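In: Sequence plus predicted model, see below.
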Amino acid sequence: MNRDDDILVVKNIFKVFGDRPQEALKMLEKGADKDEIFKKTGQVIGVFDANFTVKRGEIFVIMGLSGSGKSTMVRLFNRLIEPTSGSIYLNGKEITGLNDKQLLDVRRKEMSMVFQSFALMPHMTVLENAAFGLEISGVAEKERNRRAREALAQVGLAAHEYSYPHQLSGGMQQRVGLARALANDPSILLMDEAFSALDPLIRTEMQDELIRLQAEHKRTIIFISHDLDEAIRIGHRIAIMEGGRVVQVGTPQEILNNPADAYVETFFKNVDSSKVLRAGDVAKFESEIVVRQTNGATPEAPAIPYAFIVDNDGRFLGVLDNCTGRADGARKLAPKDLSVVPFDTPLHDVLGLAAAVPYPLPVVTRDGALHGTISRESLLKSLSRH
Amino acid sequence: MSEFNLLDPFQTLQIPLGDWVEASLTYFVQHFRDVFRAVRWPIDQVLNGIESLLLSVPPTIGIILGSLLGWQVAGRRMGMLCAVTLFFLGLIGVWAESMTTLALVLTSVFFCGLFGVPLGILCARYDRLEKFIRPVLDAMQTLPAFVYLVPVVMLFGIGNVPGVLVTIVFALPPLVRLTNLGIRQVPADKIEAARAFGATPWQMLTRVQLPLATQTMMAGLNQTLMLSLSMVVIASMISVGGLGQMVLRGIGRLDMGLATVGGVGLVLLAIFLDRLTQAMGERSASTDMTRRWYQRGPIGLGLRLLHLNHTKPGPVRHAL
């Protein structure tokens, strides 16, 4: 990844709540912890030395339990809360050094926010609410209504533009909140526990909606959540926060496979790993069961039940079935006769296939190369390990 | 002078508050009389304008306009109530006096709004100002009107204008308090949302805080109106005309008939104004927002009658 792909860079960010933040910072430097500082100075540490980058076009989930500082963190990005020290860069421009006017500009054009409580204006219609951000930016009425209608159509609320928020259900209200944020066409969408107030079915629906919207527009989304399942479901990468500290940043698979500390490990203990892990994470490439085919001739089958054929470039060509014990040797199965698994399939979807076929499942990369195989044995092992 | 006594120190320990007030008042009267006279001018203009307007309207037209206003604001029942109260005002023979009193009340409410709403907004924004203003408001509400009646007369003379002034002093506090309260009660998440979308303080005020505080502010306006009405009798002591003067004269001559007529007139006027402003406050929070204000009431009816043949009207319901 080169630096242009980093849309948001967070460097050494601290946030201390209280009237004597410098004192607390000094104690932090000396290695005092959160509780000790609160006891001695009454200062509350909101965010402690946060460092990470958000890449352009990804869904970045900041996940932690209540009091972990995640909601503080997201408000530091658009400076609804001023950081005590450290710097934040948006597209290489330092947010933390902006004057009031430039900051308003960033809030109007670069970052839009969606709130847990929806925070819609009760005295405005759905259309006026969706156009609120544009109205604040001074966009003319005709233009802002056009863009607000587009945004409402994107979230499937085109028919409700003249309703008032209190006439809508919770899920619909949050769609209006989402439309309001999308209408501004921001570079980054900040979502603060946006779906936490919704019931589970609607929440899943909204998550799918968000994934779809993100895939369509490649928008960068920073999503705050206290729900690990939600984080894993929608997040390309996750930052885990605990007690104001960013404990680990990585893809769900990375974190599941290599938890940074005991806290993260216990956190991930109850996660259904079959939903986190992909086929590619589990598949192993064992050279002894792979045979290479040269010049188009079917190679000799080794003395094993199933052998996997690849060409010189590593592309997967088929399986040699040696089990049937036929006199004329092994039978060759072409990929079209086989269950072949793309390497980014969730493990959850592989379970049924593995049970249905006798041979280890071949896992292929996007360009058709054999990535490895998953036997029933290795599948069970990988699930039981977590 | 007796010697200082520890058990009763106030034999010798005193501040001559009364003397000071008298001295400073004399000073003000001597040196700033012109300034105070100048203050009369705008109040005079507004008061005379409203009064001559109200008095120039014949009672029948006045009753019809009043009821149409009630209908527009809060539906047909309100319109009927307005018609009845106004009709009775005419029946007991106090129409002209009522209009004079109404002009006085409306003028003081106008100036209360002019100063009270901005003051309330500032109080909501600056805690220190609120701390400073609050005891002043308390004093304005609790200080007996007679105490400031005399200095007001010394500075402004007698007549309707000083009457409006003492009324403003008494009626201003609830509007300031409830404007302040209304703005402070706007949910924090709405404020945060507006900030997150880059609202300037002015946009925050006009697009979020004031609209969401409207209902509370209307309650304040209603209180201001009622307090203005209750000041009418006291203000008539400095030669303010209208219903108050009827009551005062009635008491002075032990003419219970006259006093009662004036009193009943005040009550009828109070009912009319109270219901009307309350209805306005409730409507600002009403859930029936399917139609705009111009689609309701007599205006809606008129518009529909006008446009029925040409254009498709909005979501039509039966006229209220």
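Out: All right, it came through fine. Numbers count the residues shown, from 1 in each chain, chains lettered A, B, ... in the order given.
In: Quick check: residues of the stretch 51-200 of chain A near chain B?
Out: For the stretch 51-200 of chain A, the contact set with chain B under Cβ under 8 Å from any Cβ of the partner chain comprises A:78, A:80, A:104-108, A:111-113, A:115, A:117, A:119-123, A:132-133, A:135-137, A:164, A:166, A:180, A:184, A:190. Bear in mind the C-beta positions are built from the backbone N, C-alpha and C, glycine included.
In: filter those residues to the buried ones?
Out: For those, a burial check counting by 16 or more other Cβ atoms under 10 Å in any protein chain shown picks out A:78, A:80, A:104, A:106-108, A:111-113, A:115, A:117, A:119-121, A:123, A:132-133, A:135-137, A:164, A:180, A:184, A:190.
In: What is the three-state secondary structure of A:Ala307?
Out: Secondary structure, DSSP: H, G, I helix; E, B strand; the rest coil: A:Ala307 is strand.
In: For it, list each beta-bridge partner.
Out: Beta-bridge partners for A:Ala307, by DSSP bridges, are A:Leu320.
In: Which positions within the helix or strand harbouring A:Asp49 qualify as buried?
Out: Assigned by DSSP states H and E, A:Asp49 falls within strand A:44-55. By 16+ other Cβ under 10 Å, the buried positions in strand A:44-55 come out as A:44-48, A:50, A:52-54.
In: For A:Ala239, list the residues it contacts.
Out: A:Ala239 makes contact with A:52, A:60-63, A:246, A:248-249 under the criterion Cβ atoms under 8 Å, 6 or more residues apart in numbering or on different chains.
In: Counting neighbours, which of those comes out on top?
Out: A:Ile62 (28 neighbours; other Cβ atoms under 10 Å in any protein chain shown).
In: gap between that one and A:Lys109?
Out: 22 Å (Cβ to Cβ, to the nearest Å).
In: again, but for B:Glu3
Out: 80 Å.
In: the more surrounded of these two?
Out: Set B:Glu3 next to A:Lys109 and count neighbours by other Cβ under 10 Å: A:Lys109 wins out with 15 against 6.
In: that's a strand at the more buried one, yeah?
Out: No. Remark: A:Lys109 does not belong to a strand; assigned using three-state DSSP, it is helix.
In: hang on, it packs against A:Ala183?
Out: No. A:Lys109 is not in contact with A:Ala183 according to Cβ atoms under 8 Å; the separation is 12.0 Å.
In: Doesn't B:Arg249 lie inside a helix?
Out: Yes. Checked against three-state DSSP, B:Arg249 lies within a helix.
In: Could you report the pLDDT at it?
Out: Note for B:Arg249: predicted pLDDT of 92.
In: circling back to that earlier point, and the buried residues of strand A:44-55, which two are furthest apart?
Out: Longest distance between any two of the buried residues of strand A:44-55 is 26.5 Å, between A:Val44 and A:Thr53; criterion Cβ to Cβ.
In: Just the buried residues of stretch B:186-200, please?
Out: Buried residues in stretch B:186-200, counted by 16+ other Cβ under 10 Å: B:186, B:190-199.
In: got it, and stretch A:129-146?
Out: Under the neighbour-count criterion of 16+ other Cβ under 10 Å, stretch A:129-146 has A:129-137, A:139, A:144-145 buried.
In: now those residues as TSV including secondary structure and pLDDT?
Out: TSV is the format used below for those (DSSP: H, G, I helix; E, B strand; the rest coil; pLDDT from 0 to 100):
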residue	secondary structure	pLDDT
A:Asn129	helix	93
A:Ala130	helix	94
A:Ala131	coil	94
A:Phe132	helix	94
A:Gly133	helix	93
A:Leu134	helix	94
A:Glu135	helix	93
A:Ile136	helix	93
A:Ser137	coil	92
A:Val139	coil	92
A:Arg144	helix	92
A:Asn145	helix	93
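In: list the helices and strands the strand holding A:Asp49 packs on?
Out: In terms of contacts (3 or more Cβ pairs under 8 Å, 6 or more residues apart in numbering or on different chains; DSSP states H and E), strand A:44-55 is packed against strand A:6-17, helix A:21-29, helix A:34-41, helix A:70-77, strand A:220-225, strand A:245-250.
In: who touches that strand?
Out: Contact with strand A:44-55 is made by A:1, A:5-18, A:24, A:28, A:34, A:37-38, A:60, A:69, A:72-73, A:76, A:81, A:83, A:86, A:188, A:220, A:222, A:237, A:239, A:243-246, A:249, as judged by Cβ under 8 Å, 6+ apart.
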